[in-house]
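Enquirer: Let me see the structure of the following:
(one chain, ligands or ions: 2)
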Amino acid sequence: MPAKRIPVIDIQPLGGRTRPHDETITAIGAACREYGFFHIIGHRIPADLIERVWRETKRFFALPLDAKRVVSRSKENARGWYNRELTKNARDMKEVFDFGHTPRPELLDEDPANWTQDGFNRWPDARLCPDFRPTMQEYFRACERVAFTLLEAIAESLGVPPDTLTHDFVGRHTSFVRLNYYPCHDPLCLERPASATGHLGIHPHTDAGALTVLLHDDVSALEINLDGQWILVEPVTGALVVNIGDIVQVWSNDRYPAPVHRVRASTNRERYSLPFFFNPVYEAIYAPLAAVTNEQSLPRYRPITWGDFRWKRQQGDYADYGPENQISDYRIPGVDGA
Ligand SMILES: O=C(O)CCC(=O)C(=O)O
Ligand SMILES: [Fe+2]
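Expert: Ligands and ions are numbered 1, 2, ... in the order given. Below you'll find the model as predicted:
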């Protein structure tokens, strides 16, 4: 049997109101139901911007350790550089750098108006990498545009008006971009014993937010779990990878399950990837949409406040404080799927 491949969807027709638009929505709905993952082409992010993003990403991780350490993430500030990330309490073999939405870009990053529950952005010394910050901010805005378009399409595929879901993202959304660097030789790997699954770039997980727009290089390492089998996501030139997260699973009342995925550790080539996590405002409360529930399909989740969920998850990613909180903790007992 040939290996399953996730679909490639051209999203260029989105935004128009013609038939190809409807076909694109149908294709996105089917991909969310069957895989939770799809490649997108026609995303309109210029190839030149993507090239600059790669250049700056590699330049950043190649900086001396001390230059990265000054922008280290802390318990209070989740933004910045980190090399001890935990997924399900197991240390992932990678380095990361996170930066997020800035509510007031005209003010300083550390201005109280830009201080969020996750912290505030911190950037490496501009003398060492002058183009890093402007390039990353430009890329953030490009991903934001794609993510809004996709979420509108997902809403339509669920039979609700396009702005039903994006409503909680306008203004102070809490999305962030993560730069992932998976080295081949991890100097810390002897510090902690391998978990039961062995060393991995990222341990199996679902993404907590609404959806993720992922730029990855040509090293195949991302795997998704489909019906108990790990399927490798083969990179498609010029495409971005999209996956839905826990919030879409809840809105859709399990019609679109958030896919479990993991990243294999790099063995002979280092790997880089940049997920953009599209997350709502902290105050957003999400629950199964009325349009997808009825007497035969009762809501399977109680309402969840994004800020609470994110806070608990972020603490668990930073250090091992016991079992990580999961979307399944919010299932209503006794309703199908619980
Ligand atoms: O590196 C990748 O391909 C995926 C990264 C990922 O799943 C994550 O950061 O949540
Ligand atoms: Fe992920």
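
Enquirer: show me what contacts the closest residue to ligand 1 within the stretch 51-200 of the chain?
Expert: Of all residues in the stretch 51-200 of the chain, the one sitting closest to ligand 1 is N180 (4.9 Å; CB to the nearest ligand atom). For glycine as for every other residue, the C-beta is placed from the backbone atoms N, C-alpha and C. Contact analysis of N180 by CB atoms under 8 Å, 6 or more residues apart in numbering lists 94-96, 201-202, 263, 271-275.

Enquirer: Quick check: it is in a helix.
Expert: No: looking at N180 with DSSP: H, G, I helix; E, B strand; the rest coil, it is strand, so not inside a helix.

Enquirer: where do the helices sit along this protein?
Expert: For the chain, the helices defined by DSSP state H occupy 19-34, 47-61, 65-69, 132-157, 163-166, 246-251, 306-318.

Enquirer: Show me where the stretch 101-250 of the chain has its strands.
Expert: 176-182, 200-205, 211-216, 222-226, 229-232, 240-244 (DSSP state E, counting those that start in this stretch).

Enquirer: Now the first one - C-alpha only, CSV.
Expert: When you say that, I think you mean strand 176-182. Extracted in CSV, the C-alpha atoms of strand 176-182 (Å, rounded to 0.1, in the frame of the first residue of the first chain):
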residue,chain,number,x,y,z
PHE,A,176,4.0,33.7,18.4
VAL,A,177,6.6,32.5,16.0
ARG,A,178,9.1,29.9,17.2
LEU,A,179,12.5,29.3,15.5
ASN,A,180,13.5,25.7,16.0
TYR,A,181,17.0,24.4,15.5
TYR,A,182,17.6,20.7,15.7
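
Enquirer: ok and that strand relative to strand 211-216, angle-wise?
Expert: Using axes from the mean of the first three to the mean of the last three CA atoms, to 10 degrees, one finds that strand 176-182 and strand 211-216 are set 40 degrees apart in direction.

Enquirer: Which strands border strand 176-182, and is each parallel or antiparallel?
Expert: Strand 176-182 pairs in its sheet with strand 95-100 (antiparallel), strand 271-278 (antiparallel), by DSSP bridges.

Enquirer: would JSON lines of the ones you listed with mean neighbour count and distance to L128 be doable?
Expert: Shown next, in JSON lines, are the strands paired with strand 176-182 (neighbours: other CB atoms under 10 Å; distance: least, CB to CB, whole Å):
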{"stretch": "strand 95-100", "mean neighbour count": "22", "distance to L128": "13"}
{"stretch": "strand 271-278", "mean neighbour count": "23", "distance to L128": "18"}
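
Enquirer: Can you add distance to K68 and mean pLDDT and give the ones you listed back as CSV?
Expert: Formatted as CSV, those follow (distance: least, CB to CB, whole Å; pLDDT from 0 to 100):
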stretch, distance to K68, mean pLDDT
strand 95-100, 8, 95
strand 271-278, 15, 97
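
Enquirer: partner residues bridging V213?
Expert: V213 has these beta-bridge partners by DSSP bridges: V242, F276.

Enquirer: What residues does it make contact with?
Expert: Neighbour list for V213: 40, 143, 146-147, 150, 240-242, 275-276, 278 [criterion: CB under 8 Å, 6+ apart].

Enquirer: rerun that using 7 Å as the cut-off
Expert: Shown in contact with V213 (CB atoms under 7 Å, 6 or more residues apart in numbering): 143, 146-147, 240, 242, 276.

Enquirer: rewinding a little: export the strands paired with strand 176-182 to JSON lines and tack on distance to G334?
Expert: Listed next are the strands paired with strand 176-182 as JSON lines, based on distance: least, CB to CB, whole Å:
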{"stretch": "strand 95-100", "distance to G334": "38"}
{"stretch": "strand 271-278", "distance to G334": "32"}
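
Enquirer: who wins for proximity to G228 among those?
Expert: strand 271-278 (24.4 Å; CB to CB).
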